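A.B. asks: here is my input, please return the structure:
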Amino acid sequence: NYTKSNSKSEEKKSNSNSNNSNRQNSSDTRGETKKKEKKSQYLLYDEKDSYRSYWVSKEKNKQVTNGATWTDVIVLPEGAMIEFSNEAGYTRLRATVAPVLSNYKERTGGFTVYGDGGVVLYQSEEIVVNETEPFDIDVDISGQSKVQLACSTASDWFHIAVKSARFED
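C.D. replies: Residues are numbered from 1 along each chain as shown. Model prediction:
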């Protein structure tokens, strides 16, 4: 009653069912894993950026306008930008921003957050070196697949420090 052709046919059906089952389990697991990997907050200092202008840096210690020394900051010099992926779908960008302490007086600039397609999500008021106090930002980044932090100014030697920059829900 048992023939070789039937056994191969049954074996193929069995393997096919097994492969489909494995693929389904694998995709289920990936979906669950992706959900589990999304943390309550995603600290940008600790993460790899998807792009950065040449002079952008991540620094352990940086002194800002009010004389405080901040740790683990992203420093944006004049005209610089850094970009982070938001593929996980976070909805908020929160951070504290301040100009870096400088010997150069009367330098002014701005801090901008861009989303997909260069849409402006946040634009600071004018920031003045050695005058503007640190300020907190809370930006809606819902639906954005990437987020860019940028420093704009017409002045040389103008730097902005961004502390505790993080994506959150």
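A.B. asks: ok, which stretches of the protein are strands?
C.D. replies: 41-43, 51-52, 57-63, 69-77, 81-85, 92-99, 108-114, 120-123, 127-128, 135-140, 146-152, 159-168 (DSSP state E).
A.B. asks: a markdown table for these, including mean neighbour count?
C.D. replies: No exception for glycine: its C-beta is placed from N, CA and C like everyone else's. Below are those laid out as a markdown table (neighbours: other CB atoms under 10 Å):
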| stretch | mean neighbour count |
| --- | --- |
| strand 41-43 | 15 |
| strand 51-52 | 16 |
| strand 57-63 | 14 |
| strand 69-77 | 20 |
| strand 81-85 | 19 |
| strand 92-99 | 21 |
| strand 108-114 | 20 |
| strand 120-123 | 14 |
| strand 127-128 | 18 |
| strand 135-140 | 14 |
| strand 146-152 | 22 |
| strand 159-168 | 22 |
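A.B. asks: low-confidence bits of this structure, can you list those?
C.D. replies: Applying pLDDT under 70 to the chain flags residues 1-37.
A.B. asks: again, only this time at 90
C.D. replies: 1-41, 54, 65-67, 102-106, 130, 153-157 (pLDDT under 90).
A.B. asks: what's the burial count for Lys105?
C.D. replies: Residues lying near Lys105 (other CB atoms under 10 Å) number 9.
A.B. asks: list the contacts of it.
C.D. replies: 129-130 (CB atoms under 8 Å, 6 or more residues apart in numbering).
A.B. asks: and it, how far from Ala68?
C.D. replies: Separation of Lys105 from Ala68 (CB to CB, to the nearest Å): 19 Å.
A.B. asks: tell me which residue is most central in the chain.
C.D. replies: Geometric centre of the chain, nearest residue: Phe84, 3.4 Å, by CA atoms, centre = their mean.
A.B. asks: so how far is Gln144 from Leu93?
C.D. replies: Taking CB to CB, one finds Leu93 at 9 Å from Gln144.
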